[in-house]
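K.L.:
please find the sequence and the predicted model below.
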Number of protein chains: 4
Amino acid sequence: MLDDKPREACGVFGIYGHKEAARLTYLGLYALQHRGDESAGIVTGDGKQIRAHKGLGVVADVFTDEILKSLDGHLAIGHTRYSTTGASVAANAQPFVANCKGGPLAIAHNGNLTNTNALRKYLEQRGALFQTTMDSELIVHLAAKSQAETMAERIEDALGQVKGAFSLTFATKDQVIAARDPYGFRPLCLGRLDDAWIIASESCALDIVGAEYVRDVEPGELIVIDENGMHARKPFSAPRRAFCIFEYIYFSRPDSRIFGDYVDRTRRKLGKQLAIEHPADADIVIAVPDAANTAALGYSQRSQGRFEIGLIRNHYVGRTFIQPSQGMRDFKVKIKFNPVGGVLRDRSVVVVEDSIVRGTTLRQLSRMIREAGAREVHVRVSSPPIRFPCFYGMDFQTMGEIIAARQSPEAIRAHVGVDSLGYLSKAGMLAAMPNCAENYCTACFDGEYPLEVEEEMAKLRLEE
Amino acid sequence: MLDDKPREACGVFGIYGHKEAARLTYLGLYALQHRGDESAGIVTGDGKQIRAHKGLGVVADVFTDEILKSLDGHLAIGHTRYSTTGASVAANAQPFVANCKGGPLAIAHNGNLTNTNALRKYLEQRGALFQTTMDSELIVHLAAKSQAETMAERIEDALGQVKGAFSLTFATKDQVIAARDPYGFRPLCLGRLDDAWIIASESCALDIVGAEYVRDVEPGELIVIDENGMHARKPFSAPRRAFCIFEYIYFSRPDSRIFGDYVDRTRRKLGKQLAIEHPADADIVIAVPDAANTAALGYSQRSQGRFEIGLIRNHYVGRTFIQPSQGMRDFKVKIKFNPVGGVLRDRSVVVVEDSIVRGTTLRQLSRMIREAGAREVHVRVSSPPIRFPCFYGMDFQTMGEIIAARQSPEAIRAHVGVDSLGYLSKAGMLAAMPNCAENYCTACFDGEYPLEVEEEMAKLRLEE
Amino acid sequence: MLDDKPREACGVFGIYGHKEAARLTYLGLYALQHRGDESAGIVTGDGKQIRAHKGLGVVADVFTDEILKSLDGHLAIGHTRYSTTGASVAANAQPFVANCKGGPLAIAHNGNLTNTNALRKYLEQRGALFQTTMDSELIVHLAAKSQAETMAERIEDALGQVKGAFSLTFATKDQVIAARDPYGFRPLCLGRLDDAWIIASESCALDIVGAEYVRDVEPGELIVIDENGMHARKPFSAPRRAFCIFEYIYFSRPDSRIFGDYVDRTRRKLGKQLAIEHPADADIVIAVPDAANTAALGYSQRSQGRFEIGLIRNHYVGRTFIQPSQGMRDFKVKIKFNPVGGVLRDRSVVVVEDSIVRGTTLRQLSRMIREAGAREVHVRVSSPPIRFPCFYGMDFQTMGEIIAARQSPEAIRAHVGVDSLGYLSKAGMLAAMPNCAENYCTACFDGEYPLEVEEEMAKLRLEE
Amino acid sequence: MLDDKPREACGVFGIYGHKEAARLTYLGLYALQHRGDESAGIVTGDGKQIRAHKGLGVVADVFTDEILKSLDGHLAIGHTRYSTTGASVAANAQPFVANCKGGPLAIAHNGNLTNTNALRKYLEQRGALFQTTMDSELIVHLAAKSQAETMAERIEDALGQVKGAFSLTFATKDQVIAARDPYGFRPLCLGRLDDAWIIASESCALDIVGAEYVRDVEPGELIVIDENGMHARKPFSAPRRAFCIFEYIYFSRPDSRIFGDYVDRTRRKLGKQLAIEHPADADIVIAVPDAANTAALGYSQRSQGRFEIGLIRNHYVGRTFIQPSQGMRDFKVKIKFNPVGGVLRDRSVVVVEDSIVRGTTLRQLSRMIREAGAREVHVRVSSPPIRFPCFYGMDFQTMGEIIAARQSPEAIRAHVGVDSLGYLSKAGMLAAMPNCAENYCTACFDGEYPLEVEEEMAKLRLEE
């Protein structure tokens, strides 16, 4: 994934009924690490109380064996969050925990709400104190205000008042509760490990703990798991589905099963369709690793172009990587990728990439490939031009930086400096998807937002 | 101070109108370090926003130059908190900060409220979320719920609903507000440095920044400092005063001026009175350093006994000091004190101590003095026997461990293993005080609580 | 790379004549991170003194911007070291620095000496003090003892007395010196960036700083770089060459150029030869990522088997990863790899792996692939069976654990639990190499050691 | 102790024959913390190997329970080192450990050698590698070079070649060896705890572990403790004794017994003698705490002036204390001391201080006392003017800063800004000492160096 790729906020996990609940949550978060490496947290419940630990960094750095040992309990939820800049990042680590009428409540959230300003004003007028700037805190406030009797009912009450994208896990001292917004923007699935129930953003988190994939949590569904077993209801409804198509294109892991099919399979189809729409008479087909690997394979299979590994990705890049003080050309790309001279020299090369946001990094990458001896460079993108901001949880760069919002494909080709550039068509993209096309949110490509957004929020993003 | 001494919660500081507000707060907290070394925190305001930093440990460890530099603003409040055990100590570090209707509000609190259970229930029913287990959070909730217009009015509203001991500083982005409960349990004073106003728990915090002591913040007073200057009102009233007499006996620094007089002067008078009530025919008078030093000097001056330094105190004791695995006799005392052989050998010694809680450490200390060659050991205590718990902010050991609650002075003498033991009388203690006797809270000595306490709270403490 | 893969010690780097010498060394080490992530260190010289910083961990963790800023100087050497267990790892971080007659001398070493016991005894008898257990310290002692006039001559003197594998960079306050043993066991190359000369273990470290590859440092060569420019001599000779063939098979990065050719190119030829020797009638060809990727591509191209990505590798694995307390089956493999269900289900699969040491991990991996639905699993190994220990710097597991030392390929196949298993032949392996076959050390495959080893050392390894 | 006080390097400790050797050493170092808080280290031996841990900071920070547990063995030595600035402080932490012919050897050193340049040159010519810039390393090199048979003999050999001040403990895997130079510059004593023998810089380190003081290690003595018991010899001789008189005046703890008597007793006599030589018609006598406390008591007793506590010392001062960015007047003194207003106001005050080096801090302190209301300030110093550098381990500021080297007492009085200033005479000081006057080194007062110093070293210090 390049630096100018969209960043989505968060992976969530939940488990009920396992004596190693904290450890399995740790593993689940580890498998969901690609959904966020800014912070990680786990909250456990043992029937009497809850325990929490959160911290900045990747899962393996935030938790030690000692900490995991201290997180007693047969139920747990966990969260992993994407890296953003900002002073108060530590306070925004999740799960968010607060004490309220019914006892302590913890929440882990993936997605973005779209009526936060209204909710915040409403709550402030009623004396609410806010600890963070997170959407998720609003949900807990609403639940605390509810006069309903059980915590599950209070959560239902609260979620009835919020709009937007949410795939959620909650923990109380004796329950795990999960919910998914009725549009189904973000993935969420249900699994089973012996007697335990598991909730996870992607099925790869079930695989790592050896759990079986049962089904997706359905859009609009609320699931309560406690000593009485697992109970599902569907209190929330929406006029349509709006699965985030970007999860298939780039965000989810290829080995995950989301929205009803394997990511890998869909991504390969995108590559094949791309080969049909934009063939290239080139010697070899390479991917920008790792996200575009499968699409490149698909492109190669359909186009008969030889698949090669032309870029080696360095996986040691840390968050505090230090730059040389005098600008080194194409530095940001160099520390991530190195071209393989023996593969590229004197070749005409198709480079498959999953999407383009700013174009800056792809420009550097193309230059690097050319300097390694490639005769021709043809870029093929397995999604249409991104032209609109996302309000449901995908954190693109500011609008001003989205290159296709301002420039034509030909201008982008010239900017990136390659011999040809082909984007997959929207129709082609949708043809590659499982489910019918109407079920996907494609707002970032066509501006058709399935769910209204507060005026202020929309203005802010568009003006940025 | 011995390990079994009462521990009081917290020192507070506030400053308005100085471009180095954070740095001066840092110094002020450093001077108040004896009031708490568990955690420290500073919140600053620059007119537009507030900034906060808190952490576990002593002031000098929690803050670095870089952190202080980042704490911009012309106003600041700070807090230092006493060491207690418990898992969630980090969350309980102060100042507590929250966002509410009027913007961000920070609070630093010294003292204990006595109607917290009732307040908590009241707030929970109205949907409040609690982040901590601190009294202080309740005050902020009440202020957030107030329909009054300005933040100062909302705080006044809130404080009108709480009972107990409080010496408080608040910060908003453009105001510093201070308040003291109408009984005046805990000290709080007002100072001036050039154009800046300062609020501090003790005057030693004014001295370190070179500020001038102006006067005490009066019991029941509310002080608002902002661009319009300093404005004081007295909205809270009480049937009497109830200055904590323990502040004079042990807790405050000898160089501080509290409740209208120098601590040092009062402590010396306690020593003199002790010499009158319990003379001893001994060769030398020594103190248990450092808190009893002045009382011992007073005792020596009045009794004509020669003052000597018979115990050397080791100031490097850290919080994680490691014990030998096989019990070493009197170890806890040995790492704090070493007897001076040349002073004690073959002498009859008066040991002046400020108070006795459990008696365990004094027992070890006496044995150590005797083993260093003292012929006779006579303990003189510059306060009466402690027999009741404190609900206003002095954290004694659990009642079960307060030795004088269960045993007579003679039994204590035998337990401690000394030749004689004399406690100062209550009348003698009060005679040494400035102000009239009725102005002091002496509940820990006589059980006469000036302000009612919630039943549950009282039960809990007494049963412990 | 699987856990039971050979681990080699270290990558080295050196640069002379660049005002950002420390930063470029940092980048060079970052590119060599795959050669060792236990510790990292940089030593710089500015003509007057040397400065050093070393620490445990990966390069990006050991160095901060502040530290790099403090490492002034126009010359630098650096070192990155492989993870091993042991209490004194911190002391063994390199470069090793000592003060001696000619001033301070720093050394960074890749390789193993084979006459260390004799050298150690010789030096001990003459009063040498040892700070570490590293071979490299011996070289510095020998240089310090030399009566030669210049540091370069003293180093030449010292290297004349040692036997074994060494690719070395040295720094004094005003010189960078490099040397490679006359057998040429380990790679070492020379590069150029503007006016600066660079030495590096692999050419990928030249690429990252934008330097040009000039040539390999030749076996037996000694290179001195200082204000007089670069001067090379060849004082050391050997009866033959002995390039470590494992560098091509597994250890070096595919984008590096070593021993005169690209690693990627050689690795692909290994895969093609493997397809000729051990064809398989399977649906797809997958690699154990990342080291076997290129060989698998080669296998697929020659065999016409479809190349697929059947295993996703998780790159977040840290060194302190925590295991579930109750054994989870195949856990070690699960946290590194996840099978792609959509690719493997109902397929007959060729799995290409670069080498087998213990076989344990491959066994778990095969089971995981089968459980993901593969119909048949055929393992193909792009090197012959490893049967002998290495004394020249490749740290295999102890002999007792090298499975092919004790078992036949058929027994190994049964142990690993796959349908077929094919190893590349030694002749086939050599045929894929650039240079003539006699130039390679193949001792780990055939036990023919090109250079004698001290008896004690040999015994130790074989008995382990 | 004021900032401009002499700083001496180090406290040493050793123990043989106790199963908790590391823990008792930890306690011993803790009691010797006043002799150095820059770094601390412990080395243990268990008959088979040695183990070591060292680090920067105070003893309680350098060691954790886990670390102490890992330091197995029935023998141990330890070291605590004074704070100095400099980049490579970590490398200079002691005990210094090296491997040599006879196995590993560890050394802990208090004192300074005076022929280091000559020794260093001698060793360099013979190929020695130096890891540190410490004198102590030279001793280990000399021992390693010795052809004597046992380690004790080799150490004797080595110490026969060094000149200067040394109080030493050594550890091998099965022996503790101690030695003191024949002049006896620095203290060293021998104690007994059950079957264990203990060596310590001061007797306060025996007290804390409950050991009995047996006797001083005599000047010129070498003590070997192993499974054969304790054996003492006196292989080193000198024309005279030269006990550092500054140990009595300022450096050692008052509760320690050194050079045959209690420090406290001697310090009191200095105070009494000072009262005789420089009486003052003042209301009260106060000390600059803590070092001058006992001298002030002696002054008060002899002069009939009332002893008071007029300065409160803040013990929380850390090493990284942050200054206000705009100069606050007398800041360095303010964070260490606060005057007690009630004591000083309108009083004529005698301030007893143990010594003056630069005078800067005393000047600030006097001003602070005056601003607290003192009518007159009379400084009395319990030692003569310091006028010469020390080459035997007392690290005064550079010569240029020693105020009495350049100015008369009257000029110093004017500089410090007090009403009168009286230094104790040299004769008076010597009269207060136990032992005969000829046994003391008074070089810092009179320039009569008992032992010659290398020309270069002398020049360096004098020119600084």
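P.N.:
Ah, there it is.

K.L.:
gap between stretch A:157-167 and the chain center?
P.N.:
Here stretch A:157-167 is found 19 Å from its chain centre; the criterion is CA atoms, centre = their mean, to the nearest Å.

K.L.:
does chain B sit close to it?
P.N.:
No - contact of stretch A:157-167 with chain B is not found when judged by CB under 8 Å from any CB of the partner chain; the minimum separation is 10.5 Å. To be clear about C-beta, it is placed using only N, CA and C from the backbone, and glycine gets the same treatment.

K.L.:
what average pLDDT does that stretch get?
P.N.:
Taken as a whole, stretch A:157-167 carries a mean pLDDT of 96.

K.L.:
show me which residues of that stretch are buried.
P.N.:
A:157-159, A:161-167 (16 or more other CB atoms under 10 Å in any protein chain shown).

K.L.:
now, among those residues, which is nearest to residue B:137?
P.N.:
When the buried residues of stretch A:157-167 are compared for distance to residue B:137 (CB to CB), residue A:158 comes out closest, at 21.7 Å.

K.L.:
would residue A:349 count as being in a strand?
P.N.:
Yes - residue state for residue A:349 (DSSP: H, G, I helix; E, B strand; the rest coil) corresponds to a strand.

K.L.:
and the spatially closest residue to it that is not a sequence neighbour, how many neighbours?
P.N.:
By the measure of CB to CB, 6 or more residues apart in numbering or on different chains, the closest residue to residue A:349 outside its immediate chain neighbours is residue A:374, 4.7 Å from it. Using other CB atoms under 10 Å in any protein chain shown, residue A:374 has 27 other residues around it.

K.L.:
do you know how far residue A:374 is from residue B:81?
P.N.:
Here the criterion is CB to CB, to the nearest Å. By it, residue A:374 lies 63 Å from residue B:81.

K.L.:
check residue A:299 too.
P.N.:
Distance, residue A:299 to residue B:81, using CB to CB: 62 Å.

K.L.:
kindly report the same for residue A:458.
P.N.:
If you measure residue A:458 against residue B:81 using CB to CB, the figure is 44 Å.

K.L.:
between the two, which has more neighbouring residues?
P.N.:
Neighbour tally, residue A:458 and residue B:81, criterion other CB under 10 Å: the higher count belongs to residue B:81, 25 against 15.

K.L.:
for chain A, longest helix please?
P.N.:
For chain A, the helix with the greatest residue count under DSSP state H is helix A:263-277.

K.L.:
could you check that helix against chain C for contacts?
P.N.:
Yes - in this structure, helix A:263-277 sits against chain C according to CB under 8 Å from any CB; the contacting residues are A:264-265.

K.L.:
neighbouring strands for the next helix or strand along the chain from that helix, and are they parallel or not?
P.N.:
Later in the chain than helix A:263-277, the nearest helix or strand by DSSP states H and E is strand A:284-287. Strand partners for strand A:284-287, identified by DSSP bridges, are recorded as strand A:306-307 (parallel), strand A:348-353 (parallel).

K.L.:
quick one, what contacts residue A:248?
P.N.:
By CB atoms under 8 Å, 6 or more residues apart in numbering or on different chains, residue A:248 lies in contact with A:258-259, A:263, A:266-267, A:270, A:433.

K.L.:
now, which of those sits nearest chain B?
P.N.:
residue A:258 (32.5 Å; CB to the nearest CB).

K.L.:
surely residue A:424 touches residue A:271?
P.N.:
No - with contact defined as CB atoms under 8 Å, residue A:424 and residue A:271 do not form a contacting pair (9.1 Å).

K.L.:
okay, now the domains of chain A?
P.N.:
Using automatic domain parsing, the domains assigned to chain A come out as A:7-238, A:262-315+A:327-435.

K.L.:
out of those, which gets nearest to residue D:202?
P.N.:
Closest to residue D:202 of these, according to CB to CB: domain A:7-238, at 38.4 Å.

K.L.:
which stretches of the stretch 351-464 of chain A have low pLDDT?
P.N.:
A:396-399, A:456, A:459-464 (pLDDT under 70).

K.L.:
for the stretch 201-350 of chain A, that is, sorry about that
P.N.:
Counting by pLDDT under 70, the stretch 201-350 of chain A contains low-confidence ranges at A:317-329.

K.L.:
try it again with 50
P.N.:
Confidence mapping of the stretch 201-350 of chain A against pLDDT under 50 gives zero matching residues.

K.L.:
check what pLDDT residue A:135 gets.
P.N.:
Predicted confidence (pLDDT) for residue A:135: 87.

K.L.:
please name the residues that touch it.
P.N.:
Contacts for residue A:135 were tallied using CB under 8 Å, 6+ apart; they are A:109, A:112-113, A:116, A:162, A:164.

K.L.:
how about the residues of the stretch 51-200 of chain A by chain B?
P.N.:
The stretch 51-200 of chain A comes close to chain B at residues A:51, A:87, A:98-101, A:124-131, A:137, A:140-141, A:144-146, as judged by CB under 8 Å from any CB.

K.L.:
show me those that map onto strands.
P.N.:
Of the positions in these, A:51, A:98-100 sit in strands, assigned by DSSP state E.

K.L.:
which SS class is the residue of chain A found nearest chain D?
P.N.:
Of the residues in chain A, the one nearest chain D is residue A:66, at a distance of 11.2 Å by CB to the nearest CB. When states are read from three-state DSSP, the local structure at residue A:66 comes out as helix.

K.L.:
so who does it touch?
P.N.:
Residues near residue A:66 by CB under 8 Å, 6+ apart: none.

K.L.:
read off the pLDDT value for it.
P.N.:
The model reports residue A:66 with a pLDDT of 88.

K.L.:
and if you look at the one 3 residues further on?
P.N.:
Among the per-residue scores, residue A:69 shows a pLDDT of 92.

K.L.:
surely it forms part of a helix?
P.N.:
Yes - assessed with three-state DSSP, residue A:69 lies in a helix.

K.L.:
now it: how far from residue C:180?
P.N.:
For residue A:69, the distance to residue C:180 under the criterion CB to CB works out to 49 Å.

K.L.:
one more: residue A:439?
P.N.:
Separation of residue A:439 from residue C:180 (CB to CB): 62 Å.

K.L.:
neighbour count: the two, which is higher?
P.N.:
Relative neighbour count places residue C:180 above the other of residue A:439 and residue C:180, with 29 against 19, counting by other CB under 10 Å.
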